[in-house]
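Peer 1: sequence and computational prediction follow.
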Amino acid sequence: MKIAAHGSRKKTRTFLICLLVLIATCCIFIVINAASMRSRQIRVPAITQSAINQTAALDHLANAIQIPTVSHSNRVKNNDLAFRNFQTLLDSSYPAVTAQLDRYTGDDFGDTQNSSLLYHWSADQSEDTPAILLMAHYDVVPIEQSSLEKWKHAPFSGVIKDEYLWGRGTLDNKGAAIALMEACERLVNAGFEPHRDIYLSFGHDEEVGGKYGNQQIAEWMRSNGIRLSMALDEGGGIYRGVPGLKQPAALIGIAEKGFLNVTMKVQLNDAGHASIPPGETAIGILASAITKLQQRPFPENLDGGINRMLDYLGPEMSFFNRIAIGNRQLFRSVIENQFSNTAAGNAALRTTLVPTMIEAGFTENALPSTAAVNLHLRIQPGESVESSLQFLESAIEDNRITLKIDQKLDGTPRDQVAFREPSRISSDTSESFQALHLTIKQVYPDVAVAPFFVVASTDSAHYDDPALTKNVYRFTPWNLDQAGLTLIHGVNEKIATAEFIQMIRFYEQLIINLAGNQSN
């Protein structure tokens, strides 16, 4: 008995020792993975802050804000005079650009109602180097009339007060358009001669899909045999308050989500009077389906843009955070839960779905036989419209419900497409990406640069064609916190005057880095 007990204790000690060794080995492995994360940030001195006529630049932006270039899904509703006035403003504000660069309009693109603009800055030598395209849009979203009293300054006032310039479009996206023109005007006046062709695109209908603007410009480029090394549009930016990161993060969009508007509809054979309701109604069935979808979201996809972003941001975080990020397979659920806790993080993590419009009923005391809702999806790169529809069908599991991609809205043909597939994923190691990275660090030396997936849609989608554009990136050099993000399309949209001046320096330096010598 004693011999057996002694053997049992010996086996227990051996097991415990092996367990402790295994735990220690795992801990060492985890620590090594965290410690071996190497920074991917480019180390470069900040550029000298060039002198800029800030009064003139801010006046130009204020003048642009005062022109209400609101775009509508039905372009017949557009104020054509406002769009013409904006074009005239660019001509008068930037005489050097007007004189030096070729300008193309709707007449050139085969549509006189196309108010988008394309400038071409020809290279100083005939070399077969792909061009670059720098993009912004000058249309803005409408102002909700009920919100007017909440604005501290009128939405199209362009008032400069409290070190901010106020008005619709300051952030999205006239600020970028004017900063880009300011940079080009400075470079032309300084005698800069690009060593590759540069195109500047200013869309007039980005907020409603770009069907008559950049879509036509992209088709015109294809027909003229133009090849782009890079297209740069809005989408990313410099953001403060990224969890686990003390410094601001400059996020460059290397892909963007697709979107899908699908009508989910219930059609019953009969309905009846509200005084004698059946066990189930069209509205009840539809409501149940919506609840099912909200309780079963699309699966997380950490292997997409978040993984690439963490590869860049992880090494800049504390050692405690690097333990999780350096061992993502082990701490995957922890990271996913952390991102799921915020709306922005959740949107970056998965395909999202939200009901946006609902239609049912025709009077108070009658039961409708039909009920329908528009579901708006933002589809992760790597997934598709087809796979998203399959997921919806499997989640609902009700043959009384139909799903239809409706090319009409309120009974009339959509001016916008009902869906768009997710974009390609552009390289984060290309020369163009490195030039973007370098420029950001030169102008904003205290930020951490990283690639990510854009959750919104941009005009860059029209250039997401490998036959036309090698890489498509999305970045606007604004510096925002979470409160600043809510101003986009919101009440009291504004931009810090100092941030706007830095945007000019960014675009100027970017053009120099991309087209200032033959090696780029």
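Peer 2: That came in fine, so what should we check first?
Peer 1: please make it C-alpha for all contacts and neighbour counts, starting now.
Peer 2: Noted.
Peer 1: so residue 451 belongs to a strand, correct?
Peer 2: Yes - secondary structure of residue 451 (DSSP: H, G, I helix; E, B strand; the rest coil): part of a strand.
Peer 1: how close does the nearest residue to it once chain neighbours are set aside get to residue 449?
Peer 2: Once flanking residues are discounted, residue 451 sits nearest to residue 252: 4.7 Å by CA to CA, 6 or more residues apart in numbering. According to CA to CA, to the nearest Å, residue 252 and residue 449 sit 7 Å apart.
Peer 1: just the helices in the stretch 351-500 of the chain please.
Peer 2: Along the stretch 351-500 of the chain, counting by DSSP state H, counting those that start in this stretch, helices occupy 385-396, 431-443, 482-485, 497-515.
Peer 1: low-confidence regions, the stretch 301-450 of the chain specifically.
Peer 2: 407-415 (pLDDT under 70).
Peer 1: what about the strands in it?
Peer 2: 352-360, 366-367, 370-379, 401-404, 408-409, 412-413, 419-420, 448-454 (DSSP state E, counting those that start in this stretch).
Peer 1: how about the ones you listed, which one is nearest residue 135?
Peer 2: Nearest to residue 135 among those is strand 448-454; the distance by CA to CA comes to 15.9 Å.
Peer 1: can you list contacts of that closest one?
Peer 2: 41, 235-236, 247-257, 304-306, 308-310, 312-313, 316, 348, 428, 437, 440-441, 474 (CA atoms under 8 Å, 6 or more residues apart in numbering).
Peer 1: next, format the helices of the stretch 351-500 of the chain as a markdown table and append mean neighbour count and distance to residue 276.
Peer 2: Formatted as a markdown table, those follow (neighbours: other CA atoms under 10 Å; distance: least, CA to CA, whole Å):
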| stretch | mean neighbour count | distance to residue 276 |
| --- | --- | --- |
| helix 385-396 | 15 | 27 |
| helix 431-443 | 21 | 65 |
| helix 482-485 | 13 | 49 |
| helix 497-515 | 22 | 63 |
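Peer 1: got a markdown table for these, with distance to residue 331 too?
Peer 2: Shown next, in a markdown table, are the helices of the stretch 351-500 of the chain (distance: least, CA to CA, whole Å):
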| stretch | distance to residue 331 |
| --- | --- |
| helix 385-396 | 27 |
| helix 431-443 | 29 |
| helix 482-485 | 26 |
| helix 497-515 | 37 |
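Peer 1: minimum distance to residue 340: which of those helices has it?
Peer 2: helix 482-485 (16.1 Å).
Peer 1: burial measure for residue 333, as a count.
Peer 2: Neighbours of residue 333 under the rule other CA atoms under 10 Å: 13.
Peer 1: hmm, I typed the wrong one, I wanted residue 356.
Peer 2: 10.
Peer 1: that one is in contact with residue 290, isn't it?
Peer 2: No - under the criterion of CA atoms under 8 Å, residue 356 makes no contact with residue 290, lying 11.3 Å away.
Peer 1: tell me which of the contacts of strand 448-454 fall in helices.
Peer 2: 305, 306, 308, 309, 310, 312, 313, 348, 437, 440, 441 (DSSP state H).
Peer 1: nearest to residue 159, out of those residues: which one, please.
Peer 2: residue 440 (28.6 Å).
Peer 1: one step back: including distance to residue 422, could the ones in helices among the contacts of strand 448-454 go into TSV?
Peer 2: Output for the ones in helices among the contacts of strand 448-454, formatted as TSV (distance: CA to CA, whole Å):
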residue	distance to residue 422
305	13
306	16
308	17
309	18
310	21
312	23
313	24
348	13
437	24
440	26
441	29
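Peer 1: pull the most distant pair out of those residues.
Peer 2: The widest separation within the ones in helices among the contacts of strand 448-454 (CA to CA) is 24.3 Å, between 348 and 441.
Peer 1: how about the helices in the stretch 1-150 of the chain?
Peer 2: Using DSSP H, counting those that start in this stretch, helices in the stretch 1-150 of the chain cover 2-35, 54-65, 80-93, 95-100, 106-109.
Peer 1: with mean pLDDT, mean neighbour count and distance to residue 220 added, can I get those in JSON lines?
Peer 2: Compiled in JSON lines, the helices of the stretch 1-150 of the chain are given as follows (pLDDT from 0 to 100; neighbours: other CA atoms under 10 Å; distance: least, CA to CA, whole Å):
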{"stretch": "helix 2-35", "mean pLDDT": "72", "mean neighbour count": "12", "distance to residue 220": "50"}
{"stretch": "helix 54-65", "mean pLDDT": "98", "mean neighbour count": "19", "distance to residue 220": "27"}
{"stretch": "helix 80-93", "mean pLDDT": "97", "mean neighbour count": "16", "distance to residue 220": "20"}
{"stretch": "helix 95-100", "mean pLDDT": "98", "mean neighbour count": "16", "distance to residue 220": "21"}
{"stretch": "helix 106-109", "mean pLDDT": "96", "mean neighbour count": "16", "distance to residue 220": "6"}
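Peer 1: with respect to residue 241, which of those helices lies nearest?
Peer 2: helix 2-35 (22.3 Å).
Peer 1: show me what that closest one is packed against.
Peer 2: If you count contacts as 3 or more CA pairs under 8 Å, 6 or more residues apart in numbering; DSSP states H and E, helix 2-35 packs onto helix 319-325.
Peer 1: tell me how far the helix it packs on is from the chain's mean position?
Peer 2: On the basis of CA atoms, centre = their mean, to the nearest Å, helix 319-325 is displaced by 27 Å from the centre of the chain it belongs to.
Peer 1: which neighbouring elements make contact with that helix?
Peer 2: Counting by 3+ CA pairs under 8 Å, 6+ apart, helix 319-325 packs on helix 2-35.
Peer 1: pull the distance from the helix it packs on to the chain's centre.
Peer 2: 50 Å.
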